[in-house]
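Q: Provide a 3D model corresponding to the input given below.
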Amino acid sequence: MKSKGKNVKKTRVAILFGGKSGEHEVSIVSALSIYKALDKEKYDITLVGIDKTGRWLLPEQTQLLTQSQNPQLIKLNQSLNTVSLLPFPTENNLIPVGGGASSQKAMQFDVVLPILHGTYGEDGTIQGLLELAQVPYVGAGVLASALGMDKELTKRVLHGAGIPIVPFLSVKRHEFLSQKESILKKSQEQFGYPYFVKPANLGSSVGVNKVKNEKEANSKFEDAFQYDTKILIEQAIDARELECAVLGNHNPQASIVGEVIPHHEFYSYEAKYIDPNGADLKIPAENLSAQIIAQVQEFSVKAFKALECSGMARVDFFLDRKSGSLYLNELNTIPGFTQISQYPKLWEASGLPYSRLLDRLIELAFERHKEKASLKTSYEPLS
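A: Residues are numbered from 1 along each chain as shown. This is a model prediction of the structure:
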(Lines give C-alpha, C1' and ligand atoms only; values in the text may rest on other atoms or scores of the structure.)
Protein backbone atom coordinates (compact mmCIF):
# COMPACT_ATOMS: atom_id res chain seq x y z
CA MET A 1 0.00 0.00 0.00
CA LYS A 2 1.37 3.37 -1.00
CA SER A 3 1.85 5.92 1.73
CA LYS A 4 -0.23 9.04 1.77
CA GLY A 5 1.05 11.82 -0.46
CA LYS A 6 3.22 9.64 -2.71
CA ASN A 7 2.94 10.12 -6.49
CA VAL A 8 0.96 13.32 -5.92
CA LYS A 9 2.05 15.94 -8.44
CA LYS A 10 3.61 18.96 -6.77
CA THR A 11 2.63 22.49 -7.73
CA ARG A 12 5.61 24.11 -9.45
CA VAL A 13 6.25 27.52 -7.91
CA ALA A 14 8.66 30.23 -9.05
CA ILE A 15 9.62 32.90 -6.51
CA LEU A 16 10.81 36.14 -8.12
CA PHE A 17 12.74 38.42 -5.79
CA GLY A 18 15.36 41.17 -5.53
CA GLY A 19 14.84 43.68 -8.34
CA LYS A 20 15.95 47.16 -9.43
CA SER A 21 14.56 48.90 -6.39
CA GLY A 22 15.54 50.66 -3.20
CA GLU A 23 13.72 47.80 -1.47
CA HIS A 24 15.95 45.12 -3.04
CA GLU A 25 17.32 43.82 0.26
CA VAL A 26 13.88 43.66 1.89
CA SER A 27 12.63 41.61 -1.06
CA ILE A 28 15.45 39.08 -0.61
CA VAL A 29 14.66 38.61 3.07
CA SER A 30 10.92 38.23 2.29
CA ALA A 31 11.61 35.65 -0.43
CA LEU A 32 13.84 33.58 1.85
CA SER A 33 11.15 33.55 4.53
CA ILE A 34 8.59 32.36 1.99
CA TYR A 35 10.93 29.68 0.63
CA LYS A 36 11.44 28.28 4.13
CA ALA A 37 7.71 28.35 4.93
CA LEU A 38 6.37 26.73 1.74
CA ASP A 39 5.49 23.08 2.21
CA LYS A 40 8.12 21.12 0.23
CA GLU A 41 5.73 18.15 0.10
CA LYS A 42 3.25 20.28 -1.89
CA TYR A 43 5.53 22.54 -3.92
CA ASP A 44 8.47 22.21 -6.27
CA ILE A 45 10.15 25.61 -5.85
CA THR A 46 12.35 27.55 -8.27
CA LEU A 47 14.13 30.67 -7.01
CA VAL A 48 14.74 33.46 -9.52
CA GLY A 49 16.71 36.48 -8.30
CA ILE A 50 16.88 39.83 -10.06
CA ASP A 51 19.94 41.90 -9.18
CA LYS A 52 20.12 45.68 -8.93
CA THR A 53 21.16 46.01 -12.58
CA GLY A 54 18.08 44.09 -13.69
CA ARG A 55 19.98 40.86 -14.46
CA TRP A 56 17.93 37.72 -13.80
CA LEU A 57 19.80 34.99 -11.93
CA LEU A 58 19.11 31.34 -11.34
CA PRO A 59 20.42 30.62 -7.85
CA GLU A 60 21.23 27.32 -6.24
CA GLN A 61 20.03 27.40 -2.67
CA THR A 62 23.54 26.68 -1.35
CA GLN A 63 25.08 29.68 -3.14
CA LEU A 64 22.16 32.05 -3.21
CA LEU A 65 23.46 35.03 -1.24
CA THR A 66 26.40 36.87 0.17
CA GLN A 67 26.20 38.81 3.47
CA SER A 68 23.07 36.77 4.24
CA GLN A 69 23.09 37.67 7.94
CA ASN A 70 23.08 41.43 7.34
CA PRO A 71 19.72 42.86 6.14
CA GLN A 72 21.47 46.02 4.98
CA LEU A 73 24.24 44.32 2.95
CA ILE A 74 22.51 41.12 1.84
CA LYS A 75 22.79 40.61 -1.92
CA LEU A 76 22.63 38.04 -4.68
CA ASN A 77 25.70 36.03 -5.60
CA GLN A 78 26.88 37.64 -8.85
CA SER A 79 28.46 34.41 -10.15
CA LEU A 80 25.09 32.75 -10.69
CA ASN A 81 23.72 31.67 -14.06
CA THR A 82 21.72 34.27 -15.98
CA VAL A 83 18.16 33.42 -16.98
CA SER A 84 15.28 35.02 -18.84
CA LEU A 85 11.55 34.61 -18.30
CA LEU A 86 9.97 34.35 -21.75
CA PRO A 87 6.26 34.82 -22.51
CA PHE A 88 5.62 31.23 -23.64
CA PRO A 89 1.99 30.69 -22.58
CA THR A 90 1.58 27.13 -23.87
CA GLU A 91 4.49 25.82 -21.83
CA ASN A 92 4.95 28.32 -18.95
CA ASN A 93 8.69 27.89 -19.25
CA LEU A 94 11.56 29.54 -17.46
CA ILE A 95 14.34 29.17 -20.01
CA PRO A 96 17.97 29.57 -18.86
CA VAL A 97 20.04 31.54 -21.36
CA GLY A 98 23.66 32.71 -21.30
CA GLY A 99 26.26 32.33 -18.57
CA GLY A 100 26.82 28.69 -19.45
CA ALA A 101 23.19 27.88 -18.67
CA SER A 102 21.91 27.52 -22.24
CA SER A 103 22.38 23.78 -22.23
CA GLN A 104 20.18 23.32 -19.18
CA LYS A 105 16.70 21.92 -19.56
CA ALA A 106 13.93 24.49 -19.46
CA MET A 107 12.08 24.54 -16.14
CA GLN A 108 8.33 24.68 -15.98
CA PHE A 109 6.15 26.18 -13.29
CA ASP A 110 2.45 26.50 -12.51
CA VAL A 111 2.34 29.73 -10.50
CA VAL A 112 4.62 32.68 -9.75
CA LEU A 113 5.10 34.52 -6.47
CA PRO A 114 6.44 37.97 -7.43
CA ILE A 115 7.98 39.01 -4.11
CA LEU A 116 9.44 42.19 -5.58
CA HIS A 117 8.92 45.22 -3.37
CA GLY A 118 8.96 48.65 -4.97
CA THR A 119 9.65 49.69 -8.55
CA TYR A 120 9.94 47.15 -11.38
CA GLY A 121 8.05 44.56 -9.36
CA GLU A 122 5.23 45.99 -7.29
CA ASP A 123 4.23 48.60 -9.86
CA GLY A 124 2.60 46.42 -12.55
CA THR A 125 5.68 45.84 -14.72
CA ILE A 126 6.29 42.21 -13.71
CA GLN A 127 2.55 41.64 -13.55
CA GLY A 128 2.28 42.74 -17.20
CA LEU A 129 4.95 40.25 -18.24
CA LEU A 130 3.17 37.45 -16.38
CA GLU A 131 -0.14 38.41 -17.99
CA LEU A 132 1.50 38.13 -21.42
CA ALA A 133 2.86 34.72 -20.46
CA GLN A 134 -0.61 33.74 -19.18
CA VAL A 135 0.90 32.40 -15.97
CA PRO A 136 -1.06 32.50 -12.70
CA TYR A 137 0.61 34.77 -10.14
CA VAL A 138 0.02 35.82 -6.57
CA GLY A 139 -1.27 39.28 -5.77
CA ALA A 140 -2.72 42.28 -7.55
CA GLY A 141 -2.96 42.65 -11.32
CA VAL A 142 -1.44 45.34 -13.52
CA LEU A 143 -3.91 48.14 -12.75
CA ALA A 144 -4.09 47.64 -8.99
CA SER A 145 -0.32 47.24 -8.76
CA ALA A 146 0.32 50.46 -10.68
CA LEU A 147 -2.25 52.41 -8.67
CA GLY A 148 -1.11 50.99 -5.34
CA MET A 149 2.53 51.80 -6.10
CA ASP A 150 1.86 55.46 -6.86
CA LYS A 151 0.97 57.07 -3.53
CA GLU A 152 -0.53 60.14 -5.19
CA LEU A 153 -2.89 58.15 -7.42
CA THR A 154 -3.76 55.86 -4.51
CA LYS A 155 -4.80 58.88 -2.46
CA ARG A 156 -6.89 60.30 -5.27
CA VAL A 157 -8.76 57.01 -5.77
CA LEU A 158 -9.30 56.59 -2.03
CA HIS A 159 -10.50 60.15 -1.64
CA GLY A 160 -12.99 59.55 -4.47
CA ALA A 161 -14.21 56.44 -2.63
CA GLY A 162 -14.91 58.47 0.50
CA ILE A 163 -11.97 57.14 2.53
CA PRO A 164 -10.16 59.73 4.72
CA ILE A 165 -6.54 60.47 3.72
CA VAL A 166 -3.73 62.62 5.10
CA PRO A 167 -3.56 66.11 3.46
CA PHE A 168 -0.79 66.20 0.86
CA LEU A 169 0.88 67.91 -2.08
CA SER A 170 2.65 66.18 -4.96
CA VAL A 171 5.72 67.63 -6.69
CA LYS A 172 7.68 66.39 -9.70
CA ARG A 173 11.44 66.73 -9.87
CA HIS A 174 11.47 69.06 -12.89
CA GLU A 175 9.01 71.32 -11.06
CA PHE A 176 11.21 71.41 -7.98
CA LEU A 177 14.30 72.26 -10.00
CA SER A 178 12.60 75.26 -11.61
CA GLN A 179 10.35 76.38 -8.72
CA LYS A 180 12.30 75.34 -5.65
CA GLU A 181 11.72 78.44 -3.51
CA SER A 182 7.99 78.64 -4.17
CA ILE A 183 7.48 74.91 -3.48
CA LEU A 184 9.41 75.06 -0.21
CA LYS A 185 7.41 78.12 0.81
CA LYS A 186 4.08 76.54 -0.12
CA SER A 187 4.93 73.39 1.85
CA GLN A 188 5.78 75.46 4.92
CA GLU A 189 2.65 77.61 4.64
CA GLN A 190 0.29 74.67 4.06
CA PHE A 191 1.65 72.23 6.64
CA GLY A 192 3.94 74.14 9.00
CA TYR A 193 6.78 72.27 10.67
CA PRO A 194 7.30 69.39 10.89
CA TYR A 195 6.04 67.73 7.72
CA PHE A 196 7.11 64.65 5.74
CA VAL A 197 8.52 64.25 2.24
CA LYS A 198 8.53 60.83 0.60
CA PRO A 199 9.03 59.25 -2.85
CA ALA A 200 5.67 58.65 -4.53
CA ASN A 201 6.59 55.20 -5.89
CA LEU A 202 8.55 53.44 -3.18
CA GLY A 203 7.87 51.67 0.08
CA SER A 204 9.62 50.40 3.23
CA SER A 205 10.13 54.08 4.20
CA VAL A 206 13.03 54.38 1.73
CA GLY A 207 13.70 58.09 1.10
CA VAL A 208 11.15 59.23 3.70
CA ASN A 209 12.29 62.29 5.64
CA LYS A 210 10.82 64.43 8.37
CA VAL A 211 11.36 68.13 7.69
CA LYS A 212 11.64 69.99 10.99
CA ASN A 213 12.69 73.46 9.87
CA GLU A 214 13.40 75.68 6.89
CA LYS A 215 17.15 75.12 7.04
CA GLU A 216 16.99 71.38 6.37
CA ALA A 217 14.04 71.38 3.93
CA ASN A 218 16.05 71.58 0.71
CA SER A 219 18.35 68.65 1.56
CA LYS A 220 15.40 66.47 2.62
CA PHE A 221 13.59 67.17 -0.65
CA GLU A 222 16.73 66.38 -2.64
CA ASP A 223 17.18 63.10 -0.79
CA ALA A 224 13.61 62.00 -1.60
CA PHE A 225 14.17 62.90 -5.27
CA GLN A 226 17.11 60.49 -5.41
CA TYR A 227 14.60 57.64 -5.40
CA ASP A 228 11.76 58.95 -7.56
CA THR A 229 10.88 61.71 -10.01
CA LYS A 230 7.76 62.52 -7.99
CA ILE A 231 7.45 63.05 -4.25
CA LEU A 232 4.67 63.72 -1.77
CA ILE A 233 4.67 66.35 0.93
CA GLU A 234 2.39 65.31 3.78
CA GLN A 235 1.16 66.86 6.96
CA ALA A 236 2.84 65.39 10.05
CA ILE A 237 0.29 63.94 12.43
CA ASP A 238 0.91 62.91 16.02
CA ALA A 239 -0.67 59.53 15.53
CA ARG A 240 -0.76 55.87 16.40
CA GLU A 241 0.21 53.69 13.41
CA LEU A 242 -2.31 50.91 12.80
CA GLU A 243 -2.17 48.13 10.23
CA CYS A 244 -4.67 45.67 8.82
CA ALA A 245 -4.14 42.76 6.40
CA VAL A 246 -6.59 41.93 3.62
CA LEU A 247 -6.89 38.56 1.89
CA GLY A 248 -9.15 37.45 -0.97
CA ASN A 249 -10.37 38.26 -4.47
CA HIS A 250 -14.03 39.21 -4.92
CA ASN A 251 -14.91 38.77 -1.25
CA PRO A 252 -11.85 40.00 0.65
CA GLN A 253 -11.56 39.58 4.39
CA ALA A 254 -9.81 41.83 6.90
CA SER A 255 -7.56 40.57 9.68
CA ILE A 256 -7.47 41.78 13.24
CA VAL A 257 -5.85 45.20 13.70
CA GLY A 258 -2.23 45.60 14.77
CA GLU A 259 -0.13 48.56 15.83
CA VAL A 260 3.46 49.58 15.11
CA ILE A 261 5.15 51.44 17.97
CA PRO A 262 8.44 52.86 16.59
CA HIS A 263 11.35 53.50 18.92
CA HIS A 264 12.83 55.84 16.32
CA GLU A 265 11.36 59.26 15.58
CA PHE A 266 9.10 57.61 12.99
CA TYR A 267 8.79 54.16 11.40
CA SER A 268 11.86 54.55 9.19
CA TYR A 269 13.69 51.97 7.06
CA GLU A 270 16.20 51.55 9.87
CA ALA A 271 13.44 50.96 12.40
CA LYS A 272 11.82 48.36 10.13
CA TYR A 273 14.80 46.34 8.97
CA ILE A 274 18.15 47.37 10.46
CA ASP A 275 17.62 48.02 14.16
CA PRO A 276 16.34 44.82 15.83
CA ASN A 277 14.81 47.03 18.52
CA GLY A 278 13.49 49.63 16.08
CA ALA A 279 9.83 49.05 16.82
CA ASP A 280 7.34 47.00 18.81
CA LEU A 281 4.56 45.23 16.96
CA LYS A 282 1.39 44.93 18.99
CA ILE A 283 -1.00 42.30 17.64
CA PRO A 284 -3.76 42.91 18.37
CA ALA A 285 -3.48 46.64 18.95
CA GLU A 286 -4.33 47.58 22.51
CA ASN A 287 -6.77 50.16 23.85
CA LEU A 288 -8.74 50.59 20.63
CA SER A 289 -12.48 51.06 20.70
CA ALA A 290 -14.69 48.57 18.87
CA GLN A 291 -15.72 51.46 16.62
CA ILE A 292 -12.14 52.23 15.52
CA ILE A 293 -11.38 48.54 14.92
CA ALA A 294 -14.51 48.21 12.79
CA GLN A 295 -13.60 51.38 10.85
CA VAL A 296 -10.06 50.16 10.13
CA GLN A 297 -11.38 46.83 8.85
CA GLU A 298 -14.15 48.47 6.83
CA PHE A 299 -11.84 51.03 5.21
CA SER A 300 -9.24 48.30 4.51
CA VAL A 301 -11.69 46.19 2.53
CA LYS A 302 -13.20 49.27 0.88
CA ALA A 303 -9.75 50.47 -0.25
CA PHE A 304 -8.87 46.96 -1.50
CA LYS A 305 -11.97 46.98 -3.69
CA ALA A 306 -11.62 50.62 -4.80
CA LEU A 307 -8.12 49.93 -6.16
CA GLU A 308 -9.33 46.61 -7.68
CA CYS A 309 -6.80 44.57 -5.73
CA SER A 310 -6.68 40.80 -5.59
CA GLY A 311 -4.93 38.25 -3.42
CA MET A 312 -3.39 40.35 -0.69
CA ALA A 313 -2.70 43.83 0.63
CA ARG A 314 -1.57 45.45 3.86
CA VAL A 315 -3.35 48.69 4.68
CA ASP A 316 -1.72 51.27 6.96
CA PHE A 317 -3.56 53.91 9.00
CA PHE A 318 -2.87 56.89 11.22
CA LEU A 319 -5.07 57.43 14.29
CA ASP A 320 -4.69 61.04 15.40
CA ARG A 321 -3.91 61.05 19.13
CA LYS A 322 -5.57 64.44 19.68
CA SER A 323 -8.67 64.40 17.51
CA GLY A 324 -9.25 60.65 17.25
CA SER A 325 -9.55 60.99 13.46
CA LEU A 326 -8.58 57.99 11.35
CA TYR A 327 -6.62 58.39 8.09
CA LEU A 328 -5.63 55.74 5.58
CA ASN A 329 -1.92 56.29 4.95
CA GLU A 330 -1.16 53.76 2.19
CA LEU A 331 -1.96 50.34 0.76
CA ASN A 332 0.80 47.82 -0.07
CA THR A 333 -0.04 45.26 -2.75
CA ILE A 334 3.09 43.17 -1.99
CA PRO A 335 3.57 43.53 1.76
CA GLY A 336 6.69 42.36 3.52
CA PHE A 337 6.99 38.65 4.28
CA THR A 338 10.01 38.65 6.58
CA GLN A 339 9.84 36.92 9.93
CA ILE A 340 8.96 40.24 11.58
CA SER A 341 6.58 41.55 8.91
CA GLN A 342 3.10 42.59 9.94
CA TYR A 343 1.12 40.97 7.11
CA PRO A 344 1.80 37.30 7.95
CA LYS A 345 1.80 38.06 11.68
CA LEU A 346 -1.64 39.68 11.47
CA TRP A 347 -3.06 36.63 9.73
CA GLU A 348 -1.35 34.24 12.11
CA ALA A 349 -2.97 36.08 15.00
CA SER A 350 -6.27 35.90 13.10
CA GLY A 351 -6.01 32.10 12.94
CA LEU A 352 -4.22 31.57 9.61
CA PRO A 353 -0.61 30.30 10.04
CA TYR A 354 2.18 31.47 7.70
CA SER A 355 2.36 28.29 5.57
CA ARG A 356 -1.42 28.07 5.23
CA LEU A 357 -1.52 31.75 4.29
CA LEU A 358 0.86 30.99 1.42
CA ASP A 359 -1.36 28.06 0.37
CA ARG A 360 -4.37 30.37 0.31
CA LEU A 361 -2.55 33.03 -1.73
CA ILE A 362 -1.61 30.42 -4.32
CA GLU A 363 -5.22 29.19 -4.41
CA LEU A 364 -6.40 32.77 -5.01
CA ALA A 365 -3.87 33.15 -7.84
CA PHE A 366 -5.28 30.09 -9.61
CA GLU A 367 -8.84 31.30 -8.96
CA ARG A 368 -8.18 34.71 -10.52
CA HIS A 369 -6.30 33.21 -13.47
CA LYS A 370 -9.10 30.75 -14.21
CA GLU A 371 -11.66 33.54 -14.27
CA LYS A 372 -9.56 35.65 -16.68
CA ALA A 373 -8.81 32.65 -18.89
CA SER A 374 -12.54 32.09 -19.36
CA LEU A 375 -12.92 35.42 -21.20
CA LYS A 376 -13.14 35.50 -24.99
CA THR A 377 -10.19 36.98 -26.84
CA SER A 378 -11.86 37.14 -30.26
CA TYR A 379 -15.07 38.82 -31.32
CA GLU A 380 -18.06 36.60 -32.04
CA PRO A 381 -21.18 38.57 -33.03
CA LEU A 382 -24.51 37.55 -31.62
CA SER A 383 -26.67 35.70 -34.13
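Q: Show me this protein divided up by domain.
A: Domain assignment for the chain by automatic domain parsing gives 11-137, 149-164+237-370, 168-235.
Q: State whether residue 295 is indeed within a helix.
A: Yes: note on residue 295: a helix contains this position according to DSSP: H, G, I helix; E, B strand; the rest coil.
Q: Hmm, it is touching residue 327, no?
A: No: assessed by C-beta atoms under 8 Å, residue 295 is found out of contact with residue 327, at 10.9 Å. For every residue, glycine as well, the C-beta is placed using N, CA and C.
Q: if we can go back for a sec, select, out of the domains of the chain, the one closest to residue 383.
A: Residue 383 lies closest, by C-beta to C-beta, to one member of the domains of the chain: domain 149-164+237-370, at 27.5 Å.
Q: Give me the distance from that closest one to the chain's centre.
A: 11 Å (C-alpha atoms, centre = their mean, to the nearest Å).
Q: do stretch 139-157 as well
A: 11 Å.
Q: outside of that stretch, which residues touch it?
A: Residues outside stretch 139-157 that contact it (C-beta atoms under 8 Å, 6 or more residues apart in numbering) are 114, 118-119, 122-124, 127-128, 131, 165-166, 168, 170, 198, 200-201, 230, 232, 306-313, 330-334, 361, 365, 368.
Q: Inside helices: which ones of the residues you listed?
A: 127-128, 131, 306, 361, 365, 368 (DSSP state H).
Q: Among these, name the least confidently predicted one.
A: Least confident entry in those, by pLDDT: residue 131, with 89.
Q: how about the nearest residue to it, chain neighbours excluded?
A: residue 142 (6.3 Å; C-beta to C-beta, 6 or more residues apart in numbering).
Q: I'd like to know how many residues surround that neighbour.
A: 16 (other C-beta atoms under 10 Å).
Q: For it, what are phi and psi?
A: phi -60, psi -50 (degrees, to the nearest 10).
Q: Flag the shaky bits of the stretch 101-250 of the chain, pLDDT-wise.
A: 101-107, 203-205 (pLDDT under 70).
Q: show me where it has strands.
A: 107-108, 111-115, 168-172, 195-199, 209-211, 230-235, 239-248 (DSSP state E, counting those that start in this stretch).
Q: So for the third one, what gets flagged as buried?
A: Within strand 168-172, the residues scored as buried using 16 or more other C-beta atoms under 10 Å are 168-171.
Q: if we can go back for a sec, need the buried ones from the contacts of stretch 139-157 selected in PyMOL.
A: In PyMOL syntax, the buried subset of the contacts of stretch 139-157 is picked out as below (16+ other C-beta under 10 Å):
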select buried, resi 114+118+119+122+123+124+127+131+165+166+168+170+198+200+201+230+232+306+307+309+310+311+312+313+330+331+332+333+334+361+365+368
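Q: for residue 380, what are its contacts?
A: By C-beta under 8 Å, 6+ apart, residue 380 has no neighbours at all.
Q: which SS class is it?
A: coil.
Q: ok, which stretches of this protein are helices?
A: So, for the chain - with DSSP H - the helices run 24-37, 125-133, 142-149, 151-160, 173-178, 180-191, 214-224, 269, 290-306, 342-349, 354-373.
Q: Quick check: buried residues in the first one?
A: Just to be clear, that refers to helix 24-37. For helix 24-37, using 16+ other C-beta under 10 Å, the buried residues are 24-35, 37.
Q: what's the answer for the fourth one, then?
A: Neighbour counts using 16+ other C-beta under 10 Å place 151-155, 157-158 of helix 151-160 among the buried residues.
Q: The last one now?
A: For helix 354-373, burial by neighbour count (16+ other C-beta under 10 Å) applies to 354, 357-362, 364-365, 368-369.
Q: Quick one: list the elements packing against it.
A: helix 24-37, strand 111-115, strand 239-248, strand 311-320, helix 342-349 (3 or more C-beta pairs under 8 Å, 6 or more residues apart in numbering; DSSP states H and E).
Q: do you know which of those lies nearest residue 225?
A: Of those, nearest to residue 225 by C-beta to C-beta is helix 24-37, at 19.2 Å.
Q: show me the contacts for residue 161.
A: 302-303, 306 are the contacts of residue 161 under C-beta under 8 Å, 6+ apart.
Q: Show the model's pLDDT score for the residue nearest the centre of the chain.
A: The centroid of the chain falls nearest to residue 334 when counting by C-alpha atoms, centre = their mean (2.5 Å). If you check residue 334, the pLDDT there is 95.
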